[in-house]
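**Q** Structure for the following, please:
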Amino acid sequence: MRADEHAGPSRPEPRARRLPRRRSDRVADLTAWTVCVAVLVVLGAAVVIGLRVHDGLSERVTAEARDRTRITAVLAEDVPVLPEGGSRVPADVRWTGPDGVERVGRVEVHGPKQAGDPVAAWVTTDGRVVRAPLSATEAFFVTAATAGGILLVGEFVVAALGHLAFLGVGRLHAAEWEREWAEVEPRWRSTR
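**A** Model (predicted):
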């Protein structure tokens, strides 16, 4: 058994003994690190923006739930059968407010319906007809879509720019290999 077999794990060679690295190798390393950092920056931006959107929408959900009341109104007109692909149409409705005054507004309803049919509507404290309050589920999906969209677009841009950068690195590698081969080939041919 030789003594060097039990020498333990090999240590990296001192810097002076390592082979010199080509410029293109250093550029390739820098490009890879830059792409990795850019991916992390885009990921971080998507998370931060998603959290901000979620905070804003959470406040909106709370405010709309507090300020809007669901009522049952009566259709003031007939709503026809909807055309293909249509889901809701605007229609006039009537209801009596808490002050006993009859009010008129316009809401979107599913057809077909007859005048006099009850429909759900949302009103503010001053009696204006508004859309239903934003739900927590809708807020979550808007947040996820926003963060996902930023992530998708950002990572696509990073991937495209990284691809272009690595094409440039490949050309740099090829140019260095050609230059080195031009130096080595005459010596190699003379030894054959």
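
**Q** By residue count, tell me the biggest helix in the protein.
**A** helix 136-190 (DSSP state H).

**Q** count of residues packed around the residue found closest to Val74 once you drop the neighbours it is linked to in the chain?
**A** Nearest residue to Val74, sequence neighbours excluded (C-beta to C-beta, 6 or more residues apart in numbering): Arg94, at 5.2 Å. The way it works is simple: take the backbone N, C-alpha and C, and place the C-beta from them, glycine included. By other C-beta atoms under 10 Å, the residues close to Arg94 number 14.

**Q** so Arg94 bridges to which residues?
**A** Here Arg94 shows beta-bridge partners Val74, Val104, assigned using DSSP bridges.

**Q** For it, give its distance to Val109.
**A** Here the distance between Arg94 and Val109 works out to 13 Å (C-beta to C-beta, to the nearest Å).

**Q** Could you report the pLDDT at the residue nearest to Val74?
**A** Per-residue pLDDT puts Arg94 at 92.

**Q** pLDDT weak spots in the protein?
**A** 1-20, 82-86, 192 (pLDDT under 70).

**Q** hmm, try it at 80
**A** By pLDDT under 80, the low-scoring segments of the chain are 1-22, 80-88, 98, 111, 189-192.

**Q** Would you mind giving the domain segments of it?
**A** 22-62+137-190, 68-134 (automatic domain parsing).

**Q** How far off centre is the longest helix of the chain?
**A** The chain centroid and the centroid of helix 136-190 are separated by 21 Å, computed with C-alpha atoms, centre = their mean, to the nearest Å.

**Q** now stretch 119-129
**A** Relative to the mean C-alpha coordinate of its chain, stretch 119-129 is positioned 34 Å out (C-alpha atoms, centre = their mean).

**Q** Thank you kindly, that will do.
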